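no sequence on hand, only this structure:
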C-alpha cells in the first residue's frame, strides 16, 4: 500500500522480480479494493502470491506513535512484518512510511540480543563498486559501543550482499587537524582495533569523500551525519544531472553530440540512477526489513525486493548473530562502562 | 608558503587577481629563497606587492599546537594574520595548514564579542546559484546558541558576497519521522523564529539534498555533519566526473559525440570545478581569513583571494557586528541558559 504510487508501482515491481528470480513467492498485504484490481491484471504474479486483506493501511504522513496505536496487529504494514516474525516470510519489503515501519519493526521483531538500537543501512554506488553506509537515519547520535555494533551489522551485510569474506570497515570522521572527530568515534576506533574481529578488516577513519571513492566496503557513522551525507550526495547527483541536461541541450553542436553519444549517456544515467541503489535495510532486528524509497518506480521497488532476496539467500541473520555472539562473549562487560569513557 | 605547491601556485594566482582587480595590493610573507625567484619573475605582481621575509614557515603536517608554539610572532602564517590585526591588510588568504591557520587566527584576532567559537563557511554551487554552508569543520558539535550565532555570521556573509538584503537561512536537519533531529537544532530553530532578525529570513529546517537545490542562501549546521556533507558532495562530484569520462571514451560513437559537444562539456566541467568554489572563510573573528584549498591551482587560489576582496569591499565585518549587537542587546541573558534547555 505504501509509497507515492501504491500497488500500481509495488506490484509491477514484483512482476519484474519474478522474471529474474523465478523461485520468489510473495505474501501481499493491503486493502483488497486497491490491490486486487492490479494484482489480477498480472497473472504471473497472482500465481505466486498469497493476498491478505487488511482494513488499515498506515499513511505516509502518520506519525510513528500514531501508526503503532492505530495499526498494530491489523495494518498491512504490521501484518507484513509479523509474517517475518512467524516465519511465513523470509523478508519484509515496504515502500511506506519509514518512521512507522521502524517503530513497528522494533515493536514486533525486537532488536537482536546485545544490540541496543537498530540502524538503517544504505547501499551507495562508488567508483569501485558499492559501499554500505550505516546508520543513515534510524537514530540520532550513537555512543562508541553502538558504533561498534553498527560495524558488526554492516560487515555482516557486506559479506552477505557483496559475497566477501572479510569486508573492510571505516568509521566516518572529519579530517580537520587538532579536533579530529567526536570522542565517541575515537573510542569506537580503539574498541574495533582491540577486538580484531575475524568478520571484518577495520581500516580506521574515513572522510566523506571516501564514500564515493569506495575506499572501504562499510562506512559506519551515527544517523544524523549519515543521513546528511546520503542526502547531500543524492542532491549533488541530481544537481549534476541537471547541469548535464542543460549543457547537452543548449547548442546545436551539443545536441548533435548527444545523438552520437546517446548510448554512453544512457549508461551514465543508469550509474547515476538513485532508483537502483534505493532500498534501506533495517539491521539489528530479529528479521530482515527492507525499506524502499517512497518515490521509487517499479524498477526501484524490484531492486529493493531483490536486495532482500539476496540477503536471505546468503543467510545474513545467521552471519550477524555469529559475530555478535563471538564479540560479546569475548568482551562481556563491554557496553555501558567502556562506551562512557572518553579519552 | 602554503598549499601543495607553494609560491609557484599562490603567486601565479595573485597575478591573475591583478588582471581582474587592478586596485588590489599584496603583502606577501614567506621565505625569501622560495618566494623571491617566483615573485621577481612576475613584474606586474612585484610592482603591487610588499614582501617580508620570515624565517619560519608552518608545515602542512604540523599540529596546530606545534605550529602555535614554533610559529607564533614569527612564521609567515602568523605575520599575515597579524597584518590584518594591525590594519596593514584587509584580509589574509592562506593555502596552508587549516588547523594551524585556525589556531593562530583565534589566538591573534580573537573571536568577536558575543561569539564563542568561530566557524568555517564554504560556498557551495547549487542549481540556483550558490549557497553558504557553515560550519564545515572548525568545531565538533554546537549548542543552540552557537547555531544561532552561525546563522547570523552566515547571513552577514551571504549579504556581503551575494549582495542580498535579507538572505534566507535554513538549519540542516534530518527528515526521518519521529526522531526529527537533534535537540540543539530544534532549540536553535525556536530561537531564530523568536528573534525574527531583520538581517535574515529564517526558513526552518532543510535536509542534505536541499543544499544542492539551493533552497536557501545559508545552510547552518555543526562542524562534524557540515564537514561530512561537504566532503560527501565533493566525492560524488568527482565520482560522476569519472563516470562521465569513462562513458565518453568507451566507444567510437561516444568519442565522436564528445567532439561535437566539447564546448558543452567544458561548460559543465567549469560548473563542477571544485577549484572555483574553493575557499573556506573563517567567520566570527575580528578579521577576515580565507583558507584556500591546499591542492588548489593558481585559478583556485585567485578565486579565494577574490572572495576575500569582495567581502572586504562589501564590509562584511561591520555588517556582522551590527547584527550581533542588535541580537545580543535584545536577548542579553540568552546564551548559556537557553541553550541548555531541551524541549
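Yes, it's here. Only a predicted model underlies this, so the values are computations on that prediction, with no experimental measurement involved.

for the stretch 101-250 of chain A, what spans make up the strands?
In the stretch 101-250 of chain A, the strands defined using DSSP state E, counting those that start in this stretch lie at A:119-125, A:130-134, A:168-172, A:201-206, A:218-220.

need those strands in TSV (columns: mean pLDDT and mean neighbour count).
Backbone N, C-alpha and C define where each C-beta goes, glycine included. Shown next, in TSV, are the strands of the stretch 101-250 of chain A (pLDDT from 0 to 100; neighbours: other C-beta atoms under 10 Å in any protein chain shown):
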stretch	mean pLDDT	mean neighbour count
strand A:119-125	91	25
strand A:130-134	94	24
strand A:168-172	96	25
strand A:201-206	94	19
strand A:218-220	97	32
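
residue A:79 reaches residue A:52, doesn't it?
Yes: in terms of C-beta atoms under 8 Å, residue A:79 counts as a neighbour of residue A:52; the distance is 6.3 Å.

quick one, which of these two is more surrounded?
A side-by-side neighbour count of residue A:79 and residue A:52, using other C-beta atoms under 10 Å in any protein chain shown, places residue A:79 first with 24 against 15.

just to revisit the earlier point, which neighbours do residue A:79 and residue A:52 share?
Listed as contacting both residue A:79 and residue A:52 by C-beta atoms under 8 Å, 6 or more residues apart in numbering or on different chains are residue A:29.

what about the residue nearest in space to the middle of chain A, distance to residue A:134?
For chain A, the residue nearest the mean C-alpha position is residue A:280 (1.9 Å; C-alpha atoms, centre = their mean). Going from residue A:280 to residue A:134 by C-beta to C-beta, to the nearest Å gives 9 Å.

now do the shared contacts for these two.
Common neighbours of residue A:280 and residue A:134 (C-beta under 8 Å, 6+ apart) are A:120, A:121, A:122.

who's the last one bridged to?
On DSSP bridges, the residues paired with residue A:122 through beta bridges are residue A:133.

close enough to count as contact, it and residue A:136?
Yes: using C-beta under 8 Å, residue A:122 makes contact with residue A:136 at a distance of 4.7 Å.

joint contacts of those two?
A:230, A:280.

what is the orientation angle of the helix or strand where residue A:254 lies with helix B:252-260?
Per DSSP states H and E, residue A:254 falls inside helix A:252-260. Angle, helix A:252-260 to helix B:252-260, by axes from the mean of the first three to the mean of the last three C-alpha atoms, to 10 degrees: 170 degrees.

from the chain's centroid, how far away is helix A:252-260?
Its chain's C-alpha centre and that of helix A:252-260 lie 38 Å apart, by C-alpha atoms, centre = their mean, to the nearest Å.

now for residue A:281, how many residues are close by?
Using other C-beta under 10 Å: residue A:281 sits among 27 other residues.

which elements pack onto the helix holding residue A:254?
helix A:223-250, helix B:252-260, helix B:262-271 (3 or more C-beta pairs under 8 Å, 6 or more residues apart in numbering or on different chains; DSSP states H and E).

output these in CSV, with mean pLDDT, distance to residue A:197 and mean neighbour count appended to each entry.
As requested, the helices and strands packed on helix A:252-260 are exported to CSV (pLDDT from 0 to 100; distance: least, C-beta to C-beta, whole Å; neighbours: other C-beta atoms under 10 Å in any protein chain shown):
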stretch, mean pLDDT, distance to residue A:197, mean neighbour count
helix A:223-250, 85, 21, 23
helix B:252-260, 78, 45, 17
helix B:262-271, 74, 43, 16
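
noted, bye for now.
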